[in-house]
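1. sequence and computational prediction follow.
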Amino acid sequence: MNYSKIVGTGGYLPEKILTNADLEKIIDTTDEWIRERSGIAQRHIAADHETSSSMAEQAALRALAAANLKPTDIDLIIVGTVTPDKVFPSTACLLQERLGTGKCIAFDVNAVCSGFIYAFSIADQFIRTGAVKTALVIGSETLTRMLNWNDRSTCVLFGDGAGAVIMQAANEPGVYSTHLHADGRYKDLLHVPSLLAMQRTPDEEPFLQMEGREVFKIAVTELGNLVDETLAKNNIPQSAIDWLIPHQANKRIIMATAKKLGLAEERVIITVAEHANTSAASVPLALDAGIKDGRIKQGDLLLLEAFGGGLTWGSALVRY
Ligand code: UT7
């Protein structure tokens, strides 16, 4: 059992929907601008009683049901999130208690929008070494609580949600390879200053800030490089990929990566219009959407990728 494979997925989106038309009423923006520049039409907003751990619980229960497993089967929980319920304990520990898994390994990963891919790669290593048999990997975010609703350049772009994947040991891949990158020199292009006033400069506010145009350019370049790296590592042509499951920040970035892969839009799972950018939750939510609606079938070859604050980026090549 030298490999890991995906045995179940689940997603959760809060009930409340905020459309572009709703945003037109509160800030100086238009539905046309948001759709044209980002591809977003609406986003889900967590209710007051919801948190990253409560949404993660819903996504995890759906993934467990899809895998036909019980919470007590889980040996490892990793949650990718930058919006934990608390500074500590980790959202993974809160989720462990909610699910009643027993005393399994549980920790969070902060790699911003790449958090799920980082968590997925770590879980793959745990399973390959034989340290654990069954892992629950989650991306869960309430990023809309970190937005400045007066900043039209950022507040129109994000949404809340959670996606979950169960991975298990297998004799055949499953996961062929994962590729993780980070470049801290770009730390100021996309960041949220400390929530503690003493750790902020007087001109800083504890809201998400982004140099969108700069992030866009680096994302297109590095995601293109990542496609080359992933294909080369596995010695496969572009045509071997059945589905691209990208991070859902901007449809123009998604289609640039699809072009690099020679993939038509019909072979890309795109949820950005309905979900907006849900940070670490976006890739598992898109994967779950593609599986649940029957587009992704057993045996399909998937390329998962993400890009986000850090800057960080990463990919995974997976046989479903
Ligand atoms: O998930 C983490 C990674 N994040 C990303 O990958 C996001 C990367 N960046 C992007 O997706 C795009 O850069 C944005 C969608 C954020 C912005 O699109 P853009 O085509 O790069 O627009 P821009 O920032 O260059 O702004 C163009 C114009 C500006 O006006 P001027 O200076 O040309 O007069 C902005 O003030 O659009 C204006 N603008 C808006 N107008 C209406 C900015 N935000 C809005 C808005 N509504 N919400």
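-> Here it is on my side, so go on.
2. how far does the helix or strand encompassing A273 sit from the chain's center?
-> Using DSSP states H and E, A273 sits in helix 272-275. Mean-position distance between helix 272-275 and its chain equals 13 Å (CA atoms, centre = their mean, to the nearest Å).
3. which elements pack onto the helix or strand following that helix?
-> Using DSSP H and E, the helix or strand that directly follows helix 272-275 along the chain is helix 282-292. Other helices and strands packing on helix 282-292, by 3 or more CB pairs under 8 Å, 6 or more residues apart in numbering; DSSP states H and E, are strand 3-12, helix 52-67, helix 115-128, strand 134-141, strand 161-170, strand 243-246, helix 272-275, strand 301-308. Backbone N, C-alpha and C define where each C-beta goes, glycine included.
4. okay if I get these as JSON lines plus mean pLDDT?
-> What follows is the helices and strands packed on helix 282-292, written out as JSON lines (pLDDT from 0 to 100):
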{"stretch": "strand 3-12", "mean pLDDT": "98"}
{"stretch": "helix 52-67", "mean pLDDT": "98"}
{"stretch": "helix 115-128", "mean pLDDT": "98"}
{"stretch": "strand 134-141", "mean pLDDT": "98"}
{"stretch": "strand 161-170", "mean pLDDT": "98"}
{"stretch": "strand 243-246", "mean pLDDT": "98"}
{"stretch": "helix 272-275", "mean pLDDT": "98"}
{"stretch": "strand 301-308", "mean pLDDT": "98"}
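5. ok, which of these comes nearest the ligand?
-> If you check each of the helices and strands packed on helix 282-292 against the ligand by CB to the nearest ligand atom, strand 301-308 wins as the nearest, at 4.1 Å.
6. helix 115-128 and that closest one, what's the angle between them?
-> Angle, strand 301-308 to helix 115-128, by axes from the mean of the first three to the mean of the last three CA atoms, to 10 degrees: 130 degrees.
7. only alpha carbons, please: show strand 301-308 as PDB.
-> Presented in PDB, the C-alpha positions along strand 301-308 are these (Å, rounded to 0.1, in the frame of the first residue of the first chain):
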ATOM      1  CA  LEU A 301      -6.900  11.900 -14.500                       C
ATOM      2  CA  LEU A 302      -7.200  15.200 -12.600                       C
ATOM      3  CA  LEU A 303      -4.900  18.100 -12.300                       C
ATOM      4  CA  LEU A 304      -5.600  20.100  -9.100                       C
ATOM      5  CA  GLU A 305      -3.900  23.500  -8.700                       C
ATOM      6  CA  ALA A 306      -4.000  26.600  -6.500                       C
ATOM      7  CA  PHE A 307      -2.400  29.900  -6.000                       C
ATOM      8  CA  GLY A 308      -2.600  32.400  -3.100                       C
END
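8. re the thing from before, quick one, which of the helices and strands packed on helix 282-292 is packed in tightest?
-> Scoring these by mean neighbour count under mean count of other CB atoms under 10 Å gives strand 134-141 as the most buried, with a mean of 32.
9. out of everything not next to it in sequence, what's closest to R98?
-> Sequence neighbours aside, E57 is the residue nearest to R98 in space, at 4.6 Å (criterion: CB to CB, 6 or more residues apart in numbering).
10. so who does the closest residue to Y12 other than its chain neighbours touch?
-> Setting aside the residues directly before and after it, Y12 is nearest to Q58 in space (CB to CB, 6+ apart), at 3.8 Å. Applying CB atoms under 8 Å, 6 or more residues apart in numbering, we find Q58 in contact with 10, 12, 162.
11. again, 10 Å this time
-> For Q58, the contacting residues are 10-14, 50, 98, 140, 161-162, 164, by CB atoms under 10 Å, 6 or more residues apart in numbering.
12. before we move on, what about I45?
-> 13-18, 22, 142, 144-145, 158-161, 276.
13. tally of neighbours for the closest residue to it other than its chain neighbours?
-> Closest residue to I45 apart from its sequence neighbours, by CB to CB, 6+ apart: K16 at 4.6 Å. Other residues lying near K16 total 13 when counted by other CB atoms under 10 Å.
14. ditto for T101
-> That count, for T101 with other CB under 10 Å as the rule, works out to 23.
15. can you check the one 4 residues further on too?
-> Neighbourhood size, I105 [other CB under 10 Å]: 16.
16. quick one: it and Q96 touch, right?
-> Yes - judged on CB atoms under 10 Å, I105 makes contact with Q96 at a distance of 9.1 Å.
17. any common contacting residues for those two?
-> 74, 77.
18. look up how far G115 lies from the residue nearest in space to the middle of the chain.
-> By CA atoms, centre = their mean, the chain has its centre lying nearest to A280, at 2.9 Å. Taking CB to CB, to the nearest Å as the measure, A280 falls 3 Å from G115.
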